[in-house]
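In: Quick one, structure for this:
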Amino acid sequence: MKSYFLEKKTIISYNLQFFAGNGDAGEKTEKPTERKREKAREEGQVAKSMEVTTALMLVTMFSAIKLFTPYVYDKMQEMFKYIYSTFKIGTDEFTINFISNITKYTLEVILEILFPFFAIAVAIGLVGNFLQVGWKPSAKTMKPKFNKLSPLQGFKRLFSLRSIMELLKSLLKISIIIIIVYVSIKDKIGLIILMYDLSLLDGLKLITDLALDIGIKVGAFFILVAVADYIYQRYSLEKQLKMTKQEVKQEYKETEGNPEIKSKIRQKMREASMKRMMQDLPNADVIITNPTHFAVAIQYDGEKSLAPVVIAKGVDILAAKIKSIAIDNDIEIVENKPLARTLYYTVDIGNEIPEELYQTVAEVLAFVYNLKKDKEG
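Out: Numbering: from 1, shown residues only. A predicted model of the protein is given here:
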């Protein structure tokens, strides 16, 4: 007697999908494709560090201030001389027109002083961005994104790991800048203490030189920060753009087409080509064979082409079929092993034979035409 427990079978159903990969949500291990990079660029998602522009701006602007100091000094001196001389002459005519002329002149001089610095700042801003991302403006980056107005999303961004890292980076930069300022002032503390004994012009020159020295040192520090930050931004973007294997496959299907569909299309094209070849085969003048493996059908019509044309070719089974059709249509079959192989490998269907084969093919055709004449005679 068999045990009930041995007879009883327990069937547990399970889904094999649980053992499969995560699909679209799988691990991103593949490098981003060119299409993914292009789409990211159109969305404004590029490796860009604001530190690069800041560093260039600091170094260039402080260098420009040092370079244009004589120009600024001359302009300021010229302005004050004009104002004081005008006040002496026109004190009794202190009118609205007089004030407006002085104001207009002062603004013009200030604009002349500031214009070179403004032009340099704009140029550096453009150059800094161009060096990082090149020139490809995108209108998508200018479109408003209303999800950024969400308080919840804003709160998440505020306390995200990225925000914390940016805060720590800012604190580190401020600390190093304070150290640079302290070291620079410490070296010239003796001159600063004696500044009361200097003339106004010498005192201003001392302060200006000290400020420029600090500015250039801070700018040099920001260049190091910019290089490190740009490398990190490129690494971060590359990591962010990585794709899963499924995403790569899906993109390939979208760009190159479904491989199965493409295979079917190629098959249909081959079938159509084969059908057309078999339809043209009865018009051949001669079939050149290997004799068993290769068969090439040649047609020559002086009104349609300058040289004989290959209208059909095949190997093994297809070669046998070509010879069978040739026999049915009373087409001469000529055995020439080297010529058959050369024509098969070098000339596509519908193309004329190359010039170097003219002589050999002409001899074959002459032989075939003579056979036809003998038969008709």
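In: contacts, neighbours, all on C-alpha from now
Out: OK.
In: Point out where the stretch 201-350 of the chain drops to low pLDDT.
Out: Applying pLDDT under 70 to the stretch 201-350 of the chain flags residues 201, 254-261.
In: Show me where it has its helices.
Out: In the stretch 201-350 of the chain, the helices defined using DSSP state H, counting those that start in this stretch lie at 245-256, 259-280, 317-328, 337-346.
In: what's the answer for the stretch 1-150 of the chain, then?
Out: In order along the chain, the stretch 1-150 of the chain carries the following helices (DSSP H, counting those that start in this stretch): 4-7, 34-42, 50-89, 96-133.
In: In this structure D301 contacts V310, no?
Out: No: the pair formed by D301 and V310 falls short of the contact definition of C-alpha atoms under 8 Å, at 11.6 Å.
In: who's more crowded, these two?
Out: Higher neighbour count among D301 and V310: V310, with 23 against 11, using other C-alpha atoms under 10 Å.
In: ok, the more buried one to I178 distance?
Out: Spatial separation of V310 from I178 under the definition C-alpha to C-alpha, to the nearest Å is 84 Å.
In: Please apply the same query to Y84.
Out: With distances taken as C-alpha to C-alpha, Y84 is found 41 Å from I178.
In: cool, and E43?
Out: Distance of E43 to I178, given as C-alpha to C-alpha: 38 Å.
In: Okay, buried residues for stretch 330-337 please.
Out: Within stretch 330-337, the residues that qualify as buried by neighbour count (16 or more other C-alpha atoms under 10 Å) are I331, E332, I333, V334, E335, N336, K337.
In: Distance to A228 added to the residues you listed, as JSON lines?
Out: As requested, the buried residues of stretch 330-337 are exported to JSON lines (distance: C-alpha to C-alpha, whole Å):
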{"residue": "I331", "distance to A228": "78"}
{"residue": "E332", "distance to A228": "78"}
{"residue": "I333", "distance to A228": "76"}
{"residue": "V334", "distance to A228": "75"}
{"residue": "E335", "distance to A228": "74"}
{"residue": "N336", "distance to A228": "71"}
{"residue": "K337", "distance to A228": "69"}
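In: Nearest to Q240 among those residues?
Out: Lowest distance from Q240 to the buried residues of stretch 330-337 (C-alpha to C-alpha) belongs to K337, with 60.4 Å.
In: Not counting sequence-adjacent ones, nearest residue to that closest one?
Out: N290 (4.3 Å; C-alpha to C-alpha, 6 or more residues apart in numbering).
In: Y344 is in contact with the one you found, correct?
Out: No: with contact taken as C-alpha under 8 Å, N290 and Y344 are classed as non-touching, separated by 10.2 Å.
In: more crowded one of those two?
Out: Ranked by neighbour count (other C-alpha under 10 Å), N290 and Y344 place Y344 first, with 21 against 18.
In: shouldn't that one be in contact with F294?
Out: Yes: distance between Y344 and F294: 7.4 Å, which falls inside the contact criterion (C-alpha under 8 Å).
In: Could you give the separation of stretch 116-132 from the chain centroid?
Out: Its chain's average C-alpha position is 23 Å from that of stretch 116-132, according to C-alpha atoms, centre = their mean, to the nearest Å.
In: Counting neighbours, which bits of it end up buried?
Out: Burial within stretch 116-132, assessed by neighbour count using 16+ other C-alpha under 10 Å, is assigned to F117, A121, I124, G125, G128, N129, Q132.
In: tell me the mean pLDDT over that stretch?
Out: Mean per-residue pLDDT for stretch 116-132: 82.
In: Tell me, how many residues neighbour L58?
Out: Counted with other C-alpha under 10 Å, the neighbours of L58 add up to 21.
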